[in-house]
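K.L.:
quick one: sequence and predicted model below, then my questions.
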Amino acid sequence: MSRAPTDLLTIGELARRAGVATSAVRFYEAQGLITSVRTAGNQRRYPRHVLRRLSLVLFAKRLGIPLAEVAEVFAGLPDDRMPGKRDWDRIANRWREHLEARRREVEQLQRELTGCIGCGCLSLRRCYVLNPGDSLSEHGAGPQLLLHPDDEP
């Protein structure tokens with residue numbers, strides 16, 4: 001049986017299709033990331049285009065993007081219809097800078113880990129983790145030797 005884009009999905013159908021528990025669907029709806037309509041019997045029904053939103057939520061989660069940021073980006077999407085190409089382009093443009101910054105952070109972490117592993121840590125003379133007497137604590141909490149990608153070395 002083929003489905004029309006205007007067909008409504010039950011919460012179970014949406015959850016199965018997205019590969020999540022129904023409780024996750026309810027959670028994402030409570031967070032305002034997806035919306036449903038109610039039947040006369042007060043059951044949730046989801047327009048098929050909600051599956052795309054849910055898929056994007058799950059992908060963003062996999063990338064470590066906070067749900068608050070997803071909600072912020074979704075705020076410009078229409079709830080009552082399938083988002084069009086312009087709508088999706090707006091999302092892509094808003095996330096492009098964020099994802100680029102995240103990529104730079106991951107590359108910096110990779111360089112630091114490679115440097116640390118590469119030193120062999122046999123003499124501890126070149127290890128960036130070396131912090132005798134916790135002297136770096138005076139500079140604040142966190143990994144003080146790992147610079148933010150935008151910081152000067």
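P.N.:
That came in fine, so what should we check first? Numbers count the residues shown, from 1 in each chain.

K.L.:
where does pLDDT dip in this structure?
P.N.:
For the chain, the stretches with pLDDT under 70 are 1-6, 114-137, 142-153.

K.L.:
list the buried residues of the longest helix seen in it.
P.N.:
Selection of the longest helix in the chain by residue count, based on DSSP state H, yields helix 85-118. By neighbour count on 16 or more other Cβ atoms under 10 Å, the buried set for helix 85-118 is I91, W95, Q108, E112, C116. Just so you know, the C-beta spots here come from the backbone N, C-alpha and C atoms, and that holds for glycine as well.

K.L.:
stretch 59-73 now?
P.N.:
Buried residues in stretch 59-73, counted by 16+ other Cβ under 10 Å: A60, I65, L67, V70, V73.

K.L.:
run the chain-centre distance for that stretch.
P.N.:
Offset of stretch 59-73 from its chain centre (Cα atoms, centre = their mean, to the nearest Å): 3 Å.

K.L.:
quick one: contacts of it?
P.N.:
Stretch 59-73 has contacts (Cβ atoms under 8 Å, 6 or more residues apart in numbering) with Q31, G32, L33, L56, V57, I91, R94, W95, H98, L99, R102.

K.L.:
now stretch 9-20
P.N.:
For stretch 9-20, contacts defined as Cβ under 8 Å, 6+ apart pick out 21-22, 24-26, 36, 43-48, 50-51, 54-55, 58.

K.L.:
what ranges does the protein have for its helices?
P.N.:
Taking DSSP H as the test, the helices found in the chain are 11-18, 22-30, 50-62, 67-74, 85-118.

K.L.:
in a markdown table: those, plus distance to E138.
P.N.:
Output for the helices of the chain, formatted as a markdown table (distance: least, Cβ to Cβ, whole Å):
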| stretch | distance to E138 |
| --- | --- |
| helix 11-18 | 48 |
| helix 22-30 | 42 |
| helix 50-62 | 37 |
| helix 67-74 | 33 |
| helix 85-118 | 21 |
